[in-house]
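[1] any chance you could fold what I've pasted below:
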Amino acid sequence: MQILCFGELLCDMTGMPNRTFQMNAGGAPANCAVAAKKAGANSVSLCAKVGRDLFGEYLLGEVEKEGVSTQSVLVDENVHTTLAFVRLTEGERQFSFYRLADAEITEDDVARLSFPRGGIFHFGSLSLTQEPIFSATKKAISQAKAAGNLISFDVNYRDSLWSCAALAKERICQILPLCDIVKISEEEGEFLTGKSDYLAMAQAMQAMGAKTVVLSLGSMGSRLYGSVVAEANAFSATAVDTTGAGDCFYGTLLAQIAARGGMDDLTEEEAQTMLRVANAAGALAVEGYGAIPSYPNKEQIYLKAGAGTQK
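    Reported below is the predicted structural model:
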């Protein structure tokens, strides 16, 4: 199965201990695309928008270097590439966004896209925050479904990018019934459902329309709630920078789903193995600075998954 990731491609400007900034390619869908490719997915492409500037040129080069197709990345002369400044505190991060090109994908842009038949279409909630990308995202989902794609959604809630929490919840809940696989963190699940119990949280998400819910819990591992229920513990890791670790986890999971041809007839044992492998990738990703530069390859992931120590 081919994977098409849709949404933001931006420069992460990570604050370093010596008061300089390290520039890395970022944006959750772009991170997810690279993670999936490095984890062994055969065909991964990205639809995004950047400016015709040095940042956009850098981003295209970095993503292409990782084997992700950028044929559907649009270069716009009228807007600048989006930047995200990242402050690290004991490995955890805070973001300040200078949001520009990524939010300017239009319905006309989507109309010119070629969607793989029977693939995976993946996007995140930053594509829901404002127009024109909100309408463009809905059109893209519609076209992807018409082409027989599994629809994958990472809630990836960033409150600073929304005008209010109520609008965020409304739009996310509007999208959920269209999705086959939804990834959430514990905090996002509580925000959307008001539940703190994992099973109750997942059941509430499914009642809203999500078919399969993937709960990413960081150092507490991960869980999957769908036709089967499975969980896997996290791996031990020395966290330097957690930026993009969840994207690495999820991209690795999508690569495995693509390799097996979808979610049909998934067994509990298969689901648990997939989570274990994805957890291993996420653990490796936190041990270096930046998202994409710290992502492991397939050999490293499976070595960790087979021999690593789980908590």
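[2] okay, helices next: where are they in the stretch 101-250 of the chain?
    Secondary structure of the stretch 101-250 of the chain (DSSP state H, counting those that start in this stretch): helices at 107-111, 133-146, 165-175, 186-193, 198-207, 245-260.
[3] what's the most buried one of those?
    helix 245-260 (a mean of 26; mean count of other CB atoms under 10 Å). (C-beta placed from N, C-alpha, C; glycine too.)
[4] helices or strands next to that one in the packing?
    In terms of contacts (3 or more CB pairs under 8 Å, 6 or more residues apart in numbering; DSSP states H and E), helix 245-260 is packed against strand 3-6, helix 28-38, strand 120-124, strand 150-154, strand 181-185, strand 212-216, helix 268-285.
[5] looking at the helices of the stretch 101-250 of the chain, which is closest to Ser125?
    Nearest of the helices of the stretch 101-250 of the chain to Ser125, taken as CB to CB: helix 165-175 at 5.7 Å.
[6] now that closest one: how far from the chain's centre is it?
    Computed by CA atoms, centre = their mean, to the nearest Å, the chain-centroid distance of helix 165-175 equals 18 Å.
[7] make 30 the starting number, not 1.
    In the new numbering, first residue 30, that becomes helix 194-204.
[8] residues making contact with it?
    154, 157-158, 163, 167, 170, 182, 184, 186, 188, 191, 220-221, 237 (CB atoms under 8 Å, 6 or more residues apart in numbering).
[9] partner strands of the worst-scoring helix or strand of the chain on mean pLDDT, parallel or antiparallel?
    Taking mean pLDDT, DSSP states H and E as the measure, the helix or strand of the chain with the lowest value is strand 121-127, at a mean of 74. Strand pairing for strand 121-127, using DSSP bridges, gives strand 112-118 (antiparallel).
[10] my guess is Asn308 contacts Gly275, does it?
    No - the criterion here is CB atoms under 8 Å, and Asn308 misses it with Gly275 at 11.2 Å.
[11] show me what contacts Phe84?
    Cys40, His109, Thr110, Leu112.
[12] can I get the helices and strands packed on helix 274-289 in a markdown table with mean pLDDT and mean neighbour count?
    Formatted as a markdown table, these follow (pLDDT from 0 to 100; neighbours: other CB atoms under 10 Å):
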| stretch | mean pLDDT | mean neighbour count |
| --- | --- | --- |
| strand 32-35 | 98 | 29 |
| helix 57-67 | 97 | 30 |
| strand 149-153 | 98 | 27 |
| strand 179-183 | 98 | 25 |
| strand 210-214 | 98 | 25 |
| strand 241-245 | 98 | 25 |
| helix 297-314 | 97 | 24 |
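[13] relative to Val269, which of those is closest?
    The nearest among the helices and strands packed on helix 274-289, by CB to CB, is helix 297-314 at 10.1 Å.
[14] ok now that closest one, how far from the chain's centre?
    Taking the mean of its C-alpha atoms, helix 297-314 sits 15 Å from the chain's own mean (CA atoms, centre = their mean).
[15] repeat for stretch 158-174
    16 Å.
[16] quick one: mean pLDDT over it.
    Per-residue pLDDT values over stretch 158-174 give a mean of 97.
[17] stretch 275-291 now?
    Stretch 275-291 shows an average pLDDT of 97 in the prediction.
[18] quick one: it to chain centroid distance?
    Going by CA atoms, centre = their mean, where stretch 275-291 is centred and where its chain is centred differ by 10 Å.
[19] alpha carbons only: can I get it in PDB?
    Provided in PDB are the C-alpha atoms of stretch 275-291 (Å, rounded to 0.1, in the frame of the first residue of the first chain):
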ATOM      1  CA  GLY A 275       5.100  10.400  18.400                       C
ATOM      2  CA  ASP A 276       5.400  11.000  14.700                       C
ATOM      3  CA  CYS A 277       8.100   8.400  14.500                       C
ATOM      4  CA  PHE A 278       6.100   5.900  16.500                       C
ATOM      5  CA  TYR A 279       3.000   6.400  14.300                       C
ATOM      6  CA  GLY A 280       4.900   6.500  10.900                       C
ATOM      7  CA  THR A 281       6.400   3.200  11.900                       C
ATOM      8  CA  LEU A 282       3.000   1.800  12.700                       C
ATOM      9  CA  LEU A 283       1.600   3.000   9.400                       C
ATOM     10  CA  ALA A 284       4.500   1.300   7.500                       C
ATOM     11  CA  GLN A 285       3.500  -2.000   9.100                       C
ATOM     12  CA  ILE A 286      -0.100  -1.500   8.300                       C
ATOM     13  CA  ALA A 287       0.800  -0.700   4.700                       C
ATOM     14  CA  ALA A 288       3.100  -3.800   4.500                       C
ATOM     15  CA  ARG A 289       0.200  -6.100   5.600                       C
ATOM     16  CA  GLY A 290      -2.200  -4.500   3.200                       C
ATOM     17  CA  GLY A 291      -4.500  -2.800   5.700                       C
END
